[in-house]
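> Structure, please.
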Amino acid sequence: HEDPFPQTIVQVFQGFSVYQNTLKLFNTDAGSSDSLDCINGIRFLSMTWVLIGHAYSNFGSQMFVNNLSAYGGDAFLGNDAFAAVINAFPSVDSFFLIGSTLLTYITLKELDKTNGGGIKFWIMYYVHRYVRLSGVYAMIIGFHATLLKFFAFSPQSFHVSYAGDACRKNW
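Purely as a prediction, here's the structure:
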């Protein structure tokens, strides 16, 4: 008999399955010997630290809150446990460290396979890095220079429109 749904549609819906995702989340089986599975947990902690740090740095700069005393003042700033959130600058560095660790690991594996690589390997390595990073970078610059001003429609929109204007004038 024929399945009523194609396998790709089933896989898409399984991506949202609580049961399937819980099994994957709590799976403690070791992966293959040449993978760095511990990076996923460190990446989650680092990304969470980055997001919380950026959220509170915007909150603390009073870009979104005019009267901080309505939220209990700045008493949370004196909390020792909150120091990791206030001083979240190393969180971005830890995220970059994870990326560079993975890049080094993959590059060293490829160099081991190709006996140290050759000139073609290094040319392709840098071309790949340039193409991969410059496309995203160009899209962000283009967004800031053209469309960002249309997202500024609140009383605090000066901060957003200033970034777009500075990008257009200085680039």
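> Nearest residue to the middle of this structure?
Residue closest to the average C-alpha location in the chain (CA atoms, centre = their mean): residue 47, at 6.2 Å.
> close enough to count as contact, that residue and residue 94?
No: in this structure, residue 47 is not within contact of residue 94 by CB atoms under 8 Å, at 9.6 Å. (Each C-beta comes from the backbone N, C-alpha and C, glycine too.)
> Let me know the helix or strand that the closest residue to the residue nearest to the centre of the chain other than its chain neighbours is in.
Using CB to CB, 6 or more residues apart in numbering and skipping the chain neighbours, the partner closest in space to residue 47 is residue 95 (6.7 Å). Element membership for residue 95, per DSSP states H and E: helix 89-113.
> what comes up buried for that helix?
Within helix 89-113, the residues that qualify as buried by neighbour count (16 or more other CB atoms under 10 Å) are 91, 94-95, 98.
> In a markdown table, list those residues along with distance to residue 144 and pLDDT.
Shown next, in a markdown table, are the buried residues of helix 89-113 (distance: CB to CB, whole Å; pLDDT from 0 to 100):
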| residue | distance to residue 144 | pLDDT |
| --- | --- | --- |
| 91 | 23 | 85 |
| 94 | 26 | 88 |
| 95 | 21 | 84 |
| 98 | 26 | 91 |
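> Of these, which pair is most distant in space?
Greatest spacing in the buried residues of helix 89-113, by CB to CB: 91 and 98 (10.9 Å).
> Can you check which residues contact both of those two?
Common neighbours of residue 91 and residue 98 are listed as residue 46 (criterion: CB atoms under 8 Å, 6 or more residues apart in numbering).
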